[in-house]
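Student: okay, here's the prediction I keep looking at, along with the sequence it came from:
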Amino acid sequence: MKVLIADAFEASGLEALQNAGCEVFYEPELSGDALVRAIGSSGADILVVRSTPVTEAMLDAGALSLIVRAGAGVNTIDVAGASRRGIYVSNCPGRNCIAVAELAFGLILALDRRIPDNVADLRAGHWNKKEYSKARGLYGRTLGLLGFGSIGQEMARRATAFGMTTVVWSRRFGRDDGAARAALPRDLDVTVAPSAEAVAAQSDVLSVHLALTSDTRNFVGASILERLRPGSLFINTARAEIVDHAALAEAVRSRGIRAGLDVFPDEPPGAAGSFAPPIVALPDVYGTHHIGASTEQAQEAIAAEAVRVIRVYTETGRVPNVVNLATRTPATHRLVIRHRDRPGVLAHVFDKLRSRSLNVQETENVIFEGASAAVASINLDAEPPAELLKAIEQGSADILSLQVVKI
């Protein structure tokens, strides 16, 4: 397999791919039209990216069959376009969760103790112990989490170490009932709130760990931010588009909310460049450069997972962590055919199905011990009529029985 890697990737991962027999093209600065050309000229089967956008033009540029996002989200990839072309999209979920949680807690501590302002004044020759002695501290405070996947759970573990209580809301569970409690890891002592607004109302620190979807775009707006108590801390290390930044800026200006942000709208596409988002000009906002997953530990773990995905695909044809397979097909009926395991039997069946414009959604053929007989299960988008079943059965002496099951 030919693998084109169009973002920074750990050397250990490159070596592992080469040892697995892959032909690797490592061009971490590629993007836009240059990446379109490289996909075509390399003949790559697999594309690996981190934050580089993958567009429809790239999907049409060559013969890609798999795109691996070396990270958790896939919002920078045209997943719908890949699905239309039969291109798998996979990611590496959970491998950066500790790194993101560490940065989120770093921002919490920095806001509470105003560490960047301390450093800036000291470097400027100003001693202001009286001012910088004003801090609330974290012990006994409440951490609110919006989203409770792998990163949110790591946040809860660190909150316990700081002596904080934790209240959470997730799209997976909305009420503090038995079902929600059963979904929680047993080692975590957290309270489930019925809504995101309820979490905000109880929080001294509110941290966002939601995936970006059509449902979560601008999810954190005025209705949530207004429930925070004045002087509370707000952290976003997830996706910029989840937060209404105009509403956040207003909360900072009018209610003394202090924010720590690692993600911003319209970030520069490259690793360096000019960037001046208006919100970071506010004195109570601290920003970092979208570095949540950027620790050596996290990148090595992500590279190892990306290699695993590619190895499984090249060796078995299966794709771990695939995100764009249908959870349910349009199939309505299953045709089960017990047959002798001989050439042409299934070709005969498919030809008859085609003649009646019945579309095969999924198929499986299981072989009995000795390889003399098999059972084929064929999911169809409509019920095959009785006369078609008769034609299939009578058209091959190797068909032993037919059965139609409604699904």
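Tutor: Yep, that arrived.

Student: what's the helix or strand for A304?
Tutor: helix 296-316 (DSSP states H and E).

Student: got the CA coordinates for that helix in CSV?
Tutor: Below are the C-alpha coordinates for helix 296-316, written out as CSV (Å, rounded to 0.1, in the frame of the first residue of the first chain):
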residue,chain,number,x,y,z
GLU,A,296,5.3,14.0,22.7
GLN,A,297,3.3,11.3,24.6
ALA,A,298,0.1,12.1,22.8
GLN,A,299,1.7,12.3,19.4
GLU,A,300,3.5,9.0,19.9
ALA,A,301,0.2,7.3,21.0
ILE,A,302,-1.7,8.8,18.0
ALA,A,303,1.0,7.7,15.6
ALA,A,304,0.9,4.2,17.0
GLU,A,305,-2.9,4.1,16.6
ALA,A,306,-2.8,5.4,13.1
VAL,A,307,-0.3,2.7,12.2
ARG,A,308,-2.5,0.1,13.8
VAL,A,309,-5.5,1.3,11.6
ILE,A,310,-3.4,1.1,8.5
ARG,A,311,-1.9,-2.3,9.3
VAL,A,312,-5.3,-3.9,10.0
TYR,A,313,-6.6,-2.4,6.7
THR,A,314,-3.8,-3.6,4.6
GLU,A,315,-3.7,-7.1,6.2
THR,A,316,-7.5,-7.8,6.5
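
Student: buried ones in it?
Tutor: Of the residues in helix 296-316, 298-299, 301-303, 305-307, 309-311, 313-314 count as buried by neighbour count, 16 or more other Cβ atoms under 10 Å. C-beta: built from backbone N, CA, C; applies to glycine.

Student: what's the weakest-modelled helix or strand in the chain?
Tutor: Every helix and strand in the chain was compared by mean pLDDT, DSSP states H and E; the lowest is helix 178-182, with a mean of 62.

Student: give the pairing partners of the next helix or strand after that one; include direction for each.
Tutor: Using DSSP H and E, the helix or strand that follows helix 178-182 in sequence is strand 191-192. Sheet pairing of strand 191-192 (DSSP bridges) gives strand 165-169 (parallel).

Student: any low-confidence regions in the stretch 151-300 of the chain?
Tutor: Applying pLDDT under 70 to the stretch 151-300 of the chain flags residues 174-183.

Student: for the spatially most central residue of the chain, helix, strand, or coil?
Tutor: The centre of the chain sits closest to G73, judged by Cα atoms, centre = their mean, with a distance of 3.0 Å. What DSSP: H, G, I helix; E, B strand; the rest coil gives for G73 is coil.

Student: and G221, how far is that from V404?
Tutor: Taking Cβ to Cβ, to the nearest Å as the measure, G221 falls 51 Å from V404.

Student: repeat for V307
Tutor: Per Cβ to Cβ, V307 is found 44 Å from V404.

Student: adjacent strands (with direction) for the helix or strand where L47 lies?
Tutor: Taking DSSP H and E as the criterion, L47 maps to strand 46-49. When pairing is defined by DSSP bridges, strand 46-49 lines up against strand 2-5 (parallel), strand 66-69 (parallel).

Student: so for L107, which of those sits nearest?
Tutor: Of all those, the one in closest proximity to L107, counting by Cβ to Cβ, is strand 66-69 (24.5 Å).

Student: centre of the chain to the closest one, how far?
Tutor: Mean-position distance between strand 66-69 and its chain equals 12 Å (Cα atoms, centre = their mean, to the nearest Å).

Student: for stretch 319-336, same thing?
Tutor: 20 Å.

Student: helix or strand for the closest residue in space to A72 that isn't next to it in sequence, which one?
Tutor: Excluding the flanking residues, the one nearest A72 by Cβ to Cβ, 6 or more residues apart in numbering is P93, at 4.9 Å. P93 is part of no helix or strand when elements are defined by DSSP H and E.

Student: now P93, what are its backbone angles?
Tutor: phi -70, psi 150 (degrees, to the nearest 10).

Student: so it touches A211, yeah?
Tutor: No - contact criterion Cβ atoms under 8 Å: P93 and A211 do not qualify, at 9.5 Å.

Student: quickly list what's touching both of these two.
Tutor: Common contact partners of P93 and A211 (Cβ atoms under 8 Å, 6 or more residues apart in numbering): A72.

Student: those two: which has the busier surroundings?
Tutor: P93 (20 against 17; other Cβ atoms under 10 Å).

Student: in contact with the more buried one, which residues?
Tutor: Contacts for P93 (Cβ under 8 Å, 6+ apart) come out as A72, S150, N321.

Student: hmm, the second one is touching C97, no?
Tutor: Yes - using Cβ under 8 Å, S150 and C97 qualify as a contacting pair, with a distance of 4.0 Å.

Student: so the two - more neighbours on which side?
Tutor: The residue with more neighbours, out of S150 and C97, is C97; 22 against 18, by other Cβ under 10 Å.

Student: contacting residues for that one?
Tutor: Neighbouring residues of C97 by Cβ under 8 Å, 6+ apart: G149, S150, I151, Q153, E154.

Student: highest neighbour count among the residues you listed?
Tutor: Ranked by the number of neighbours (other Cβ under 10 Å), those place I151 first, at 28 neighbours.

Student: need the three-state assignment for that residue.
Tutor: Following three-state DSSP, we place I151 in the helix state.
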